[in-house]
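Asker: next one to model:
(one chain, ligands or ions: 1)
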Amino acid sequence: MSKQIVLTGITTTGTPHLGNYAGAIRPAIEASKDENVRPFYFLADYHALIKCQEPARVRQSSLEIAATWLALGLDTSNAVFYRQSDVPEIPELCWMLSCVTAKGLMNRSHAYKAAVSENDGDDPDKGINMGLFGYPILMAADMLMFNADKVPVGKDQIQHIEMARDIASRFNHIYGEHFSIPEAVVDEHAATILGLDGRKMSKSYNNTIPLFETEKKFKKLINKIKTNSLEPGEPKETDGCTLFGIYKAFARADEVAEIRQQYAEGIAWGEMKKVLFEKINEEIAPARERYHALMDAPEHIEDQLQEGAAKAREISVPFMRSIREAVGISPITK
Ligand code: TRP
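Answerer: Coordinates of the predicted model:
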């Protein structure tokens, strides 16, 4: 039986944080160990350009994300781990797909509509580039290029997978069956972690805890997590508590039950922060060391990405040849 193709992209605009780790990276790396799966994980650097025009930031983010995934033990002998921009067939396919995609479909994209609604009253097009408008088509190309079966994403991305399905069907209808139809996988149990200020941990709120800070800085950041003013000895609520929520994403069920008990008994916030720091640190410390070693030797990271790109192109080059043929732009004589 052929392996199931699981594909996902990571936009290269930020530094991986605890929320990314628990919600997306850890499950993706776990999934990559399944023998029945062939993972395609890539740095979505063309996507980064839509919202970030700071070259240094895009470059640094690509490096940090690649180092993070490798340090966490992504098995690159099974997974194809590559940089989107190393596969020029992807933007080429994006064009082919653009030519069968109704503009009206893109008008309905949430990401685009959200940007329009921010312009309330003013020019609706203000600040909106064509990259943002056509972004679901680039995402469709990412998936369809490798015939992805399953695409693990957050809820905000479901619409894009649906659009990719529409676009693939449209292309298949016109030119014959070239693409398989991808399916979104949303992990309902994936941990959502709150940030320093108690809102969802997110780069846009500037409340993140970077995954591989030095141990000292990491501890400091944990100590900065907002709590209420209840004193030691006063019973505390676990529901809605940022510290507890993060703890839950890292601890076993019996450990969580034990901490729940301690909340009822009035554990001091300082003590809970210590427990939390130790729990997370125990899980990530070995990877932190590998991360910093990789960051000091970026040529190893580049080697891995080049290897990944070569594997990806073994598929994309011949596939694109057949797509060119299908639409009628291949050489006249062979
Ligand atoms: N747009 C996705 C995000 O912001 C990242 C992404 C790019 C992606 N291409 C993809 C995810 C293809 C899944 C499949 O999270």
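
Asker: who's in contact with the closest residue to the ligand within the stretch 1-150 of the chain?
Answerer: Per CB to the nearest ligand atom, residue 9 is where the stretch 1-150 of the chain lies closest to the ligand, at 3.1 Å. For glycine as for every other residue, the C-beta is placed from the backbone atoms N, C-alpha and C. For residue 9, the contact set (CB atoms under 8 Å, 6 or more residues apart in numbering) comprises 41, 42, 43, 44, 47, 84, 139, 142.

Asker: ok, now residue 142?
Answerer: 7, 9, 42, 44, 84, 90.

Asker: now the first one: phi and psi?
Answerer: Listed backbone geometry of residue 7 is phi -130, psi 130, with angles given as degrees, to the nearest 10.

Asker: that one reaches residue 153, doesn't it?
Answerer: No - the criterion here is CB atoms under 8 Å, and residue 7 misses it with residue 153 at 10.0 Å.

Asker: looking at the two, which is more packed in?
Answerer: A direct count of neighbours by other CB atoms under 10 Å for residue 7 and residue 153 places residue 7 higher, at 22 against 18.

Asker: residues contacting the more buried one?
Answerer: 39, 40, 41, 42, 142, 143, 146, 148, 150, 151, 182.

Asker: do the host helix or strand of the fifth one and the ligand meet?
Answerer: Think residue 142. Assigned by DSSP states H and E, residue 142 belongs to helix 130-145. Yes - remark: helix 130-145 sits within contact range of the ligand at 139, 142, 143, by CB under 6 Å from any ligand atom.

Asker: could those go into JSON lines alongside pLDDT and distance to residue 60?
Answerer: Output for the residues of helix 130-145 next to the ligand, formatted as JSON lines (pLDDT from 0 to 100; distance: CB to CB, whole Å):
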{"residue": "139", "pLDDT": "98", "distance to residue 60": "23"}
{"residue": "142", "pLDDT": "98", "distance to residue 60": "22"}
{"residue": "143", "pLDDT": "98", "distance to residue 60": "27"}
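
Asker: from the contacts of residue 142, which land in helices?
Answerer: Those of the contacts of residue 142 mapping onto helices are residue 90, per DSSP state H.

Asker: now residue 254, what's its secondary structure?
Answerer: Secondary structure state of residue 254, per DSSP: H, G, I helix; E, B strand; the rest coil, is helix.

Asker: and the helices in the stretch 1-150 of the chain?
Answerer: With DSSP state H, counting those that start in this stretch as the criterion, the stretch 1-150 of the chain has helices at 18-20, 26-31, 45-51, 55-71, 89-98, 103-107, 110-118, 130-145.

Asker: where along the stretch 101-250 of the chain do the strands fall?
Answerer: Ranges of strands in the stretch 101-250 of the chain, per DSSP state E, counting those that start in this stretch, are 150-152, 183-185.

Asker: out of the ones you listed, the one nearest the ligand is which?
Answerer: strand 150-152 (4.9 Å).

Asker: the stretch 1-150 of the chain against the ligand: which residues are in contact?
Answerer: Residues of the stretch 1-150 of the chain lying near the ligand (CB under 6 Å from any ligand atom): 7, 8, 9, 11, 44, 47, 139, 142, 143.

Asker: how about the contacts made by the closest residue in space to the last one that isn't next to it in sequence?
Answerer: Distance criterion CB to CB, 6 or more residues apart in numbering; nearest residue to residue 143, sequence neighbours excluded, is residue 182 at 4.6 Å. For residue 182, the contacting residues are 7, 143, 144, 148, 149, 150, 151, 161, 164, 165, 168, taking CB under 8 Å, 6+ apart as the criterion.

Asker: mind running it again at 10 Å?
Answerer: 5, 7, 139-140, 142-144, 146-151, 161-162, 164-165, 168 (CB atoms under 10 Å, 6 or more residues apart in numbering).

Asker: repeat that for residue 84.
Answerer: 9-12, 42-48, 62, 90-91, 138, 141-142, 145, 309, 312.

Asker: quick one: buried ones out of those residues?
Answerer: For these, a neighbour count by 16 or more other CB atoms under 10 Å gives the buried set as 9-12, 42-48, 62, 90, 138, 141-142, 145, 309, 312.

Asker: in a strand, residue 277, correct?
Answerer: No - the assignment for residue 277 is helix, going by three-state DSSP, so no strand is present there.
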